[in-house]
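Asks: sequence unknown, structure follows:
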């Protein structure tokens, strides 16, 4: 039997942190019990810390680590890694909710000793009936289809306790951990049944800000860790994109718009990294992605 430590990096997450902790506490974990749940609160200015303290009184596995100043997500991850005792380490984004049974499904592949890392399947709760919701759903659908053949980690990841730290200035912790785990000789595996719900930005400004930061982060990982994630490959994207297209006028127009938005975000990320010499490992949060509760059926 395995056991796991779960880490949640939080900056002003009072809107969802309680919902996330509740969802984790009701997970049925027969093959991989949850040993501990750490919430690293980095420079929080809202009620996040108080909510976590209340939950820690109810369940001793929940523990709060406080960083007085916001030092970036990677710094928070490293603090968690320095204290985590589980055989399997899991990182879950603070603005997500795992479906029932997800933690168990994330852990199951580790009974194969060649597997060093797994990634869950992010499913957005955004309505596809408006353009931005359509775009968010399209991107995560492509993420899923690509990951079936070329695993890509995001939102909820698990890995063996062999990663002691990640680069403190990475803006994409999942990609950096991918690089470390594969360099250690392990395989990464996509746990397609391990669903984790998330929410995309509600306005184009926040969408572009998020996509350019991720694009710059992937360039950083490529330059410093010599690792490329599967979703950066145009070849990997094109086939599922064409397969997913419905060929109605609305679908063609909205898909074209989504491709242009993503291309613009990637260009800005390229510009930020190569021209402005910026690597945004501390970033402004997208407030609209926090409105998750009440949208999950």
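Replies: Received, thanks. The shown structure was predicted, so the numbers you read here are calculated from the model rather than taken from an experiment.
Asks: can you give me the helices in the stretch 1-150 of the chain?
Replies: Assigned by DSSP state H, counting those that start in this stretch, the helices in the stretch 1-150 of the chain fall at 17-25, 48-58, 73-83, 102-107, 131-149.
Asks: Contacts for the longest one next, please.
Replies: The contact list for helix 131-149 (C-beta atoms under 8 Å, 6 or more residues apart in numbering) reads 119, 121-124, 126-128, 152, 154, 190, 192, 198, 200-204, 207, 230-231, 236-237, 240-241, 243-244, 254-255, 257-258, 261-262. To be clear about C-beta, it is placed using only N, CA and C from the backbone, and glycine gets the same treatment.
Asks: Poorly predicted segments of the chain, please.
Replies: 282-297 (pLDDT under 70).
Asks: how near is the nearest residue to residue 201 once chain neighbours are set aside to residue 174?
Replies: Excluding its sequence neighbours, the residue lying closest to residue 201 (C-beta to C-beta, 6 or more residues apart in numbering) is residue 207, at 4.3 Å. Look at residue 207 and residue 174: by C-beta to C-beta, to the nearest Å, they are 19 Å apart.
Asks: One more: residue 20?
Replies: Relative to residue 174, residue 20 is positioned 17 Å away (C-beta to C-beta).
Asks: what comes up buried for stretch 256-274?
Replies: Judged by neighbour count using 16 or more other C-beta atoms under 10 Å, the buried positions of stretch 256-274 are 258, 261-262, 264-266, 268-269, 272-273.
Asks: What of stretch 234-250?
Replies: By neighbour count on 16+ other C-beta under 10 Å, the buried set for stretch 234-250 is 236-237, 240-241.
Asks: which other residues reach that stretch?
Replies: Applying C-beta under 8 Å, 6+ apart, the contact partners of stretch 234-250 are 138, 141-142, 145-146, 149-150, 230-231, 251-252, 255, 259.
Asks: Residue 193 in helix, strand or coil?
Replies: Assigned by DSSP: H, G, I helix; E, B strand; the rest coil, the conformation of residue 193 is strand.
Asks: and the gap between it and residue 226?
Replies: On the measure of C-beta to C-beta, residue 193 and residue 226 end up 31 Å apart.
Asks: again, but for residue 41
Replies: According to C-beta to C-beta, residue 41 and residue 226 sit 33 Å apart.
Asks: try residue 92
Replies: Using C-beta to C-beta, we find residue 92 at a distance of 27 Å from residue 226.
Asks: Look at the two and report which has more neighbours.
Replies: More crowded of residue 92 and residue 226, by other C-beta atoms under 10 Å: residue 92, with 25 against 9.
Asks: rewinding a little: which one of the contacts of stretch 234-250 is nearest to residue 114?
Replies: residue 150 (17.1 Å; C-beta to C-beta).
Asks: For the closest one, give me its contacts.
Replies: Residues in contact with residue 150 (C-beta under 8 Å, 6+ apart) are 230, 233, 236.
Asks: mind putting the residues you listed in JSON lines, distance to residue 51 included?
Replies: Converted to JSON lines, those look like this (distance: C-beta to C-beta, whole Å):
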{"residue": "230", "distance to residue 51": "36"}
{"residue": "233", "distance to residue 51": "40"}
{"residue": "236", "distance to residue 51": "39"}
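Asks: In strands only, show me these.
Replies: Using DSSP state E to define strands, no part of those is located there.
Asks: Just to be sure, which of these are found in helices?
Replies: Members of these lying in helices (criterion: DSSP state H): residue 236.
Asks: can you point me to the longest helix in the protein?
Replies: The chain, longest helix under DSSP H: helix 249-274.
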